[in-house]
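*Asks:* quick one: sequence plus predicted model below, questions after.
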Amino acid sequence: MGKRKVLVVGGTGYLGRRIVKASLAEGHETYVVQRPEIGLDIDKLQMLLSFKKQGARLLPASFSDHRSLIDAVRKVDVVICAMSGVHFRSHNLVMQLKLVEAIKDAGNVKRFLPSEFGMDPSRMGHALEPGRVSFDDKMRVRRAIHEANIPFTFVSANCFAGYFAGNLSQMGTLLPPTDKVTLYGDGNVKAVYVDEDDVATYTIKTIDDPRTLNKTVYIRPPDNILSQRQLIHKWEKLLGRELHNSCLSEHDLLSSMKGSDYATQVGIGHFYHIYYEGCLTNFEIGQDGEEASELYPEVKYTRMDEYLMIYLEA
């Protein structure tokens, strides 16, 4: 397949910087939006300059300047938005809708990948508040894309390993426990864990693939479809000992939302849908979807036992 001109919006973010790297690695002419709002954030500036050293081109553009967005979009074939979806509310929603409007007005984009990369929002209409708002917002962006007749690919990357695997899916920490661990329910509900670098690699693979045009691509590597118990067992094998475990009931998990701050309530709701409902694996991929590891068997994705090894003490 041919090389593309790719614009990454949110290129300094957690996933965005990996997408920039993956795009460059595939030989695409890669552009990264440089927003004046960066201000005195020296870390972001130095990251942008490092992209430039690696061969990316920086494009000044602002969400408060519609013309600058159109000018940036007109230089490329593909636009990938990787703005953080952790708190997708209001500000990010407005920016994504502005980006959709700019892509519509530019009229030249062959593929747009909006900022999703988690659970499929089209399957989360029943989600608990307050976390449901992030899925509702993503659906608003999808509707805007459809209404503007913009060619798209939606990417559902399931559980980022850095947030869900390295900590054995324990809330309130990013490190794996070495003594005791909490199981959600019986710990046997299957989830899907994906290394973030693999998310970026698969994402870039989709951008010029006719099989993914106007479809949702689910990143579901078969060896990474694991229950929480299976994930914990991988860590126990690496440690060489078993952890003490206790089971958290559905009732107790949901009860813990009361009195919690907004971000904690969102996280608890997401954990409920993943580890009690099984929302990542309780459906078959239909005609409007594709599975990434089947499309791109040449990608040697990271298995979770490999991933967990980095957390072992030297």
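*Replies:* The structure has been received and is ready for your questions. Quick caveat, the model's predicted, so the values are computed rather than measured.
*Asks:* which residues in the stretch 51-200 of the chain form helices?
*Replies:* Assigned by DSSP state H, counting those that start in this stretch, the stretch 51-200 of the chain shows helices spanning 66-73, 91-106, 132-147, 161-164, 196-206.
*Asks:* could I get the full set of strands for the stretch 151-300 of the chain?
*Replies:* 153-156, 159-160, 180-184, 190-194, 215-218, 225-227, 244-248, 289-291 (DSSP state E, counting those that start in this stretch).
*Asks:* how many neighbours does Q46 have?
*Replies:* 11 (other CB atoms under 10 Å). For every residue, glycine as well, the C-beta is placed using N, CA and C.
*Asks:* ok but it is inside a helix, no?
*Replies:* Yes: checked against DSSP: H, G, I helix; E, B strand; the rest coil, Q46 lies within a helix.
*Asks:* okay, the helices of the stretch 51-200 of the chain, which one's buried deepest?
*Replies:* When the helices of the stretch 51-200 of the chain are scored by mean count of other CB atoms under 10 Å, the highest mean neighbour count falls to helix 196-206 (a mean of 22).
*Asks:* which secondary structure elements does that one contact?
*Replies:* Secondary structure elements in contact with helix 196-206, counted by 3 or more CB pairs under 8 Å, 6 or more residues apart in numbering; DSSP states H and E, are helix 16-25, strand 153-156, helix 292-295.
*Asks:* just the angle between that helix and strand 190-194, please?
*Replies:* 80 degrees (axes from the mean of the first three to the mean of the last three CA atoms, to 10 degrees).
*Asks:* and the contacts of helix 196-206?
*Replies:* 6, 14-15, 18-19, 21-23, 25-26, 28, 80, 113, 117, 153, 155, 157, 160-162, 212, 217, 219, 221, 292-293, 295-296, 299, 301-302 (CB atoms under 8 Å, 6 or more residues apart in numbering).
*Asks:* repeat the analysis, applying 6 Å as the threshold.
*Replies:* 18-19, 22-23, 26, 153, 155, 157, 160, 162, 212, 217, 219, 292, 296, 299, 301-302 (CB atoms under 6 Å, 6 or more residues apart in numbering).
*Asks:* how far does that helix sit from its chain's centre?
*Replies:* When distances are taken as CA atoms, centre = their mean, to the nearest Å, helix 196-206 is centred 10 Å away from the chain's centroid.
*Asks:* stretch 248-266 now?
*Replies:* On the basis of CA atoms, centre = their mean, stretch 248-266 sits 23 Å off its chain's mean C-alpha point.
*Asks:* list only those of the contacts of helix 196-206 flagged as buried.
*Replies:* The neighbour count (16 or more other CB atoms under 10 Å) marks 18-19, 22-23, 26, 153, 155, 157, 160, 212, 217, 219, 292, 296, 301-302 as buried among the contacts of helix 196-206.
*Asks:* hmm, back to that, can I get the strands of the stretch 151-300 of the chain in JSON lines with distance to V73?
*Replies:* What follows is the strands of the stretch 151-300 of the chain, written out as JSON lines (distance: least, CB to CB, whole Å):
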{"stretch": "strand 153-156", "distance to V73": "16"}
{"stretch": "strand 159-160", "distance to V73": "27"}
{"stretch": "strand 180-184", "distance to V73": "42"}
{"stretch": "strand 190-194", "distance to V73": "28"}
{"stretch": "strand 215-218", "distance to V73": "22"}
{"stretch": "strand 225-227", "distance to V73": "37"}
{"stretch": "strand 244-248", "distance to V73": "46"}
{"stretch": "strand 289-291", "distance to V73": "26"}
